[in-house]
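> what's the 3D shape of this:
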Amino acid sequence: MFRMTVEDVFLIRNRGVVATGCVGSGALRVVDTVQIDGTLDARVDGIDAFRKSIGEATAVDNIGVLFTGIEKNRLDRGSVLTAAGELPPIQDTTVIV
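From the prediction side, this is the model:
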């Protein structure tokens, strides 16, 4: 049950798009597939923590996740990365008082 909220997004020429943030729950490994805001599937091509490549990130790790094959404008600050097949984040709610 991986979940991470994106804090910043960078484009690295000849590498891909990097989304940074703190892992909220679960674990993420290189080659896992994640969903961006519950709609777009993307494969994780690399994970970095403090300028070092790591194979797995767990809850409360501050990481950068590398994606290739997607455009930077598909990710924004506040986007939510979840494990493929998980429930998407709630976009709207209605409260009746």
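
> so how many other residues sit close to Val97?
Other residues near Val97 number 2, with proximity taken as other C-beta atoms under 10 Å. For every residue, glycine as well, the C-beta is placed using N, CA and C.

> Please apply the same query to Arg29.
Neighbour number of Arg29 under other C-beta under 10 Å is 12.

> thought it was touching Glu56?
Yes. In terms of C-beta atoms under 8 Å, Arg29 counts as a neighbour of Glu56; the distance is 4.9 Å.

> so what sits against both of those two?
Counting by C-beta atoms under 8 Å, 6 or more residues apart in numbering, the contacts common to Arg29 and Glu56 are Ile47.

> how much space between Val9 and Gly85?
24 Å (C-beta to C-beta, to the nearest Å).

> These two: who's more crowded?
The residue with more neighbours, out of Val9 and Gly85 and counting by other C-beta under 10 Å, is Val9; that gives 19 against 9.

> Just list what the helix or strand where Ile47 lies packs against, helices and strands only.
Of the helices and strands defined by DSSP states H and E, Ile47 is found in strand 46-49. On a contact count with 3 or more C-beta pairs under 8 Å, 6 or more residues apart in numbering; DSSP states H and E, strand 46-49 meets strand 52-54, strand 56-58, strand 62-67.
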